[in-house]
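1. Next come a sequence and a model predicted from it.
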Amino acid sequence: MANKTLSVALLSGKGGVGKTNITLNMACALYQMGFKNLLMDCDLGLANLDVLLGITPEGNLQNTLLGEANISDVLYHVEAQGFDVLPAASGVPELTELQPGMRNMLLDRLEPELDKYDFVFMDVGAGISGTVQTFAALAAMRIVVITPEPTSLTDSYALIKVLNARYGLQDFMVIVNQVASASEAKAAFDKLHGACRHFLHIEPVLLGHIRDDKKVPEAVCRQQPLMRIAPGSPAAQDIQNLAARLQRLRLGMADWLAPRKVLQSISAKE
């Protein structure tokens with residue numbers, strides 16, 4: 001059967017740029033548009049999707065990796081039909097570096113569950129650890145979340161450079177978060193794009209931006225998705241636009257996705 005599921009890894013060079021919040025709310029926006037989503041917490045050492053949702057899952061990815069439970073047993077249903085979360089464990093140092101054998105085991109256990117979804121979102125930890133690289137390479141699409149801060153730009157460039165050098169990856173989408181305007185977002189993106197083009201011969205693509213919005217920290221404190229509590233807020237409108245663009249991209253990728261597995265293992269260069 002032809003694959004129709006788009007797997008998306010959301011990445012960031014540094015923490016604190018709003019990546020997890022964006023992942024959650026894009027999935028929420030797409031669910032509100034009628035699409036089925038699985039949201040995987042792939043920050044294996046410092047999981048926090050459950051905190052943003054105010055939930056206490058009974059099982060997590062660790063139980064699956066250790067063979068203690070099936071994927072279907074540890075999924076948390078945010079909505080009854082089509083919005084599921086696969087939680088990760090927190091404070092488990094042995095999971096922060098996903099070895100090849102464990103990666104392959106995870107893929108074998110995940111793959112049968114994935115084709116029921118339209119999107120599989122992977123909220124990957126910040127930085128350039130081996131596990132971050134592994135998850136980034138598994139996805140059909142990679143989105144790097146940045147802010148206009150110089151440290152975010154330099155760390156995101158380093159992330160793209162490492163993924164290109166180790167896995168040969170060249171396709172990166174970018175979301176610019178916490179901006180006052182589209183022009184500020186474009187200025188930040190242009191700096192990252194210029195460095196990638198000049199030094200790596202890679203041209204990232206701007207997916208869109210999200211405005212700085214006081215409703216975002218309010219939603220975090222209330223442990224609710226922004227799309228639920230303030231769907232008319234500026235940031236929520238921007239996320240809605242991003243979700244709609246992502247769905248258009250998925251449709252445009254249909255022929256490319258069809259013969260692929262949802263998560264495709266790529267070998268690192270020696």
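-> Arrived safely.

2. What count of nearby residues applies to residue 234?
-> The tally of other residues near residue 234 (other CB atoms under 10 Å) stands at 15. Bear in mind the C-beta positions are built from the backbone N, C-alpha and C, glycine included.

3. can you pull the contacts of it?
-> Residues near residue 234 by CB atoms under 8 Å, 6 or more residues apart in numbering: 211, 213.

4. how much space between it and residue 210?
-> Using CB to CB, to the nearest Å, we find residue 234 at a distance of 8 Å from residue 210.

5. Same question for residue 196.
-> Residue 196 is 21 Å from residue 210, by CB to CB.

6. Looking at these two, which one has more neighbours?
-> residue 210 (28 against 21).

7. pLDDT weak spots in the stretch 51-200 of the chain?
-> For the stretch 51-200 of the chain, applying pLDDT under 70 flags the ranges 90-98.

8. what's the burial count for the closest residue to residue 172 other than its chain neighbours?
-> Closest residue to residue 172 apart from its sequence neighbours, by CB to CB, 6 or more residues apart in numbering: residue 204 at 4.3 Å. By the criterion of other CB under 10 Å, residue 204 has 24 neighbours.

9. from memory residue 204 sits against residue 170, does it?
-> No - using CB atoms under 8 Å, residue 204 is not in contact with residue 170; the gap is 9.4 Å.

10. quick check, residue 84 in a strand?
-> Yes - under DSSP: H, G, I helix; E, B strand; the rest coil, residue 84 sits within a strand.

11. who's it bridged to?
-> residue 38, residue 77 (DSSP bridges).

12. That one and residue 56, how far apart?
-> In this view, residue 84 and residue 56 are 16 Å apart by CB to CB.

13. do the same with residue 151
-> Residue 151 is 33 Å from residue 56, by CB to CB.

14. And residue 4, by the same measure?
-> Per CB to CB, residue 4 is found 33 Å from residue 56.

15. Check for me that residue 142 belongs to a helix.
-> No - assigned with three-state DSSP, residue 142 falls outside any helix and is strand.

16. List the contacts of the residue nearest to residue 75 when sequence neighbours are not counted.
-> Leaving aside its sequence neighbours, residue 75 sits nearest to residue 84 (CB to CB, 6+ apart; 4.7 Å). Residues in contact with residue 84, defined by CB under 8 Å, 6+ apart, are 37, 38, 39, 75, 76, 77, 78, 117.

17. Same question for residue 88.
-> For residue 88, the contact set (CB under 8 Å, 6+ apart) comprises 40, 41, 42, 43, 44, 47, 49, 60, 61, 62, 95.

18. try residue 107
-> For residue 107, the contact set (CB under 8 Å, 6+ apart) comprises 138, 261, 263, 265.

19. Could you count how many residues lie near the residue nearest to the first one when sequence neighbours are not counted?
-> Nearest in space to residue 138, with sequence neighbours left out and distances taken as CB to CB, 6+ apart, is residue 263 at 4.4 Å. Residue neighbour count, defined by other CB under 10 Å, stands at 22 for residue 263.

20. Please apply the same query to residue 22.
-> 25.

21. what's the average pLDDT for the helix or strand containing it?
-> Residue 22 belongs to helix 19-32 when assigned by DSSP states H and E. Averaged across helix 19-32, pLDDT comes to 95.

22. What segments of the stretch 1-150 of the chain are strands?
-> Under the criterion DSSP state E, counting those that start in this stretch, strands of the stretch 1-150 of the chain are mapped to 6-11, 37-42, 76-79, 83-86, 119-124, 141-146.

23. right, so of those, which gets closest to residue 66?
-> Set against residue 66 and scored by CB to CB, the strands of the stretch 1-150 of the chain come closest in strand 83-86, at 14.6 Å.
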